[in-house]
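S.K.: please work out how this folds:
(chains A, B, C and D)
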Number of protein chains: 2
Amino acid sequence: MTALKTTRDTPSVSVEASREKFQAYLSEQGLRVTNQRLAIFDAAHAQKEHFTAEELLEKARQIDDSVSRATVYRTLPIMTESHLLREVDIGSGEKYYLAATTGGSQVAQVVCVDCDKISEISAPFMEWYGSTVSLKLGLKPVSQRLQVSAQCIAFRSTGRCPNRTKKK
Amino acid sequence: MTALKTTRDTPSVSVEASREKFQAYLSEQGLRVTNQRLAIFDAAHAQKEHFTAEELLEKARQIDDSVSRATVYRTLPIMTESHLLREVDIGSGEKYYLAATTGGSQVAQVVCVDCDKISEISAPFMEWYGSTVSLKLGLKPVSQRLQVSAQCIAFRSTGRCPNRTKKK
DNA sequence: CTTAATGCAAAGGTTTTGCAGAGCA
DNA sequence: TGCTCTGCAAAACCTTTGCATTAAG
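M.R.: Residues are numbered from 1 along each chain as shown, chains lettered A, B, ... in the order given. This next block holds a predicted model:
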């Protein structure tokens, strides 16, 4: 499966708008707008669920097969620093990412204990609690993250998650 | 600095009590009580701040210099599963640990953005929010974690943390 | 043209694992 | 004595980096 041309020429409106933000960010920072960066960006924003760097590489290559693993890893921090992508580390060894189209920093992650599937949910109280907790220690809060481990629906009924790939 | 004998023969009362819990847990699970496991346990419970696997190896070797890195890594999950140790992943590449002498699962971590120093603080509201958020998604909550990024006192005054070792 | 960005492959750091020998129950 | 646990070293794993080449501005 190499270099398939997808419907990249007519991305959805929201993706289009986000991409403009990304290009604007790159220019502001004096960074170059390359085909690889755009392919990686588009691939990331076409995902509906959280993805890993490796999965992103695969998707990006379906758009532009010249994209390398190194460039994916070099582009991820750019996208997270521009707040167009959210990084989620659930402690499973690899990091997960999701396009930050909604919620800003006010989202909690709920992770299935069996299959590691991540759900996000609005948690507007988080920022207030982050401040409360920080200030109790005399520190200045920067950001906060609430991660909840839970049993997903499939696990509760069948005792095993359908999309589980863990070695454990 | 190899195999220094410390004051291991007279550990504090609380450490002593915890160690008994650990031995009981091992026996219950049909696991063996070995000198290495006890040394690792004692080393872990002698720390006042969060530590890494590598740091734990060094401390454990001061108690019993036969302790190997492999055994440390094999013992860590046993101690976390017995709830005598708390694992904290702040997304820095290596995991941190701390003896779970207080707070149970009702603690939030506040991490300095510059030096990665971790402070813990009681956060009794967390469990309630974990439940709320999980149930909104129809999931059964298991545990929750609130991690706050903040600027520590030293960073605010000098612009740099004293104990910083990050490459970044 | 000038310089940043890229691909490749090797290196990096942390954690895991196979195996033969050691030691607890 | 049987079977778990251990140390050692190699491997696995994700991520980063050096270098020659490519391409954006």
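
S.K.: so which residues on chain A come close to DNA strand D?
M.R.: Residues of chain A lying near DNA strand D by Cβ under 7 Å from any atom of the strand: A:26-27, A:32-35, A:52-54, A:69-70, A:73-74, A:76, A:93-95. Using the backbone N, CA and C atoms, a C-beta is placed for each residue, glycine as well.

S.K.: pull out the buried members of those.
M.R.: When the residues of chain A next to DNA strand D are checked for burial by 16 or more other Cβ atoms under 10 Å in any protein chain shown, the buried set is A:Leu26, A:Leu76, A:Lys95.

S.K.: what separates the host helix or strand of the second one from the chain centre, distance-wise?
M.R.: Per DSSP states H and E, A:Leu76 falls inside helix A:69-81. Taking the mean C-alpha point of helix A:69-81 and that of its whole chain, the gap between them comes to 11 Å (Cα atoms, centre = their mean, to the nearest Å).

S.K.: burial count for A:His83?
M.R.: A:His83 has 12 neighbours, counted by other Cβ atoms under 10 Å in any protein chain shown.

S.K.: and it, that one's in a strand?
M.R.: No: counting by DSSP: H, G, I helix; E, B strand; the rest coil, A:His83 falls outside a strand, being coil.

S.K.: isn't it right up against A:Thr101?
M.R.: No: using Cβ atoms under 8 Å, A:His83 is not in contact with A:Thr101; the gap is 11.0 Å.

S.K.: can you list the residues of chain A near DNA strand C?
M.R.: Counting by Cβ under 7 Å from any atom of the strand, the residues of chain A close to DNA strand C are A:31-32, A:34, A:36-37, A:66-71, A:74-75, A:167.

S.K.: turn the residues you listed into TSV, including distance to B:Tyr129 and pLDDT.
M.R.: Shown next, in TSV, are the residues of chain A next to DNA strand C (distance: Cβ to Cβ, whole Å; pLDDT from 0 to 100):
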residue	distance to B:Tyr129	pLDDT
A:Leu31	39	97
A:Arg32	43	98
A:Thr34	42	98
A:Gln36	41	98
A:Arg37	38	98
A:Ser66	45	97
A:Val67	40	98
A:Ser68	42	98
A:Arg69	38	98
A:Ala70	40	98
A:Thr71	39	98
A:Arg74	36	98
A:Thr75	34	98
A:Lys167	31	39
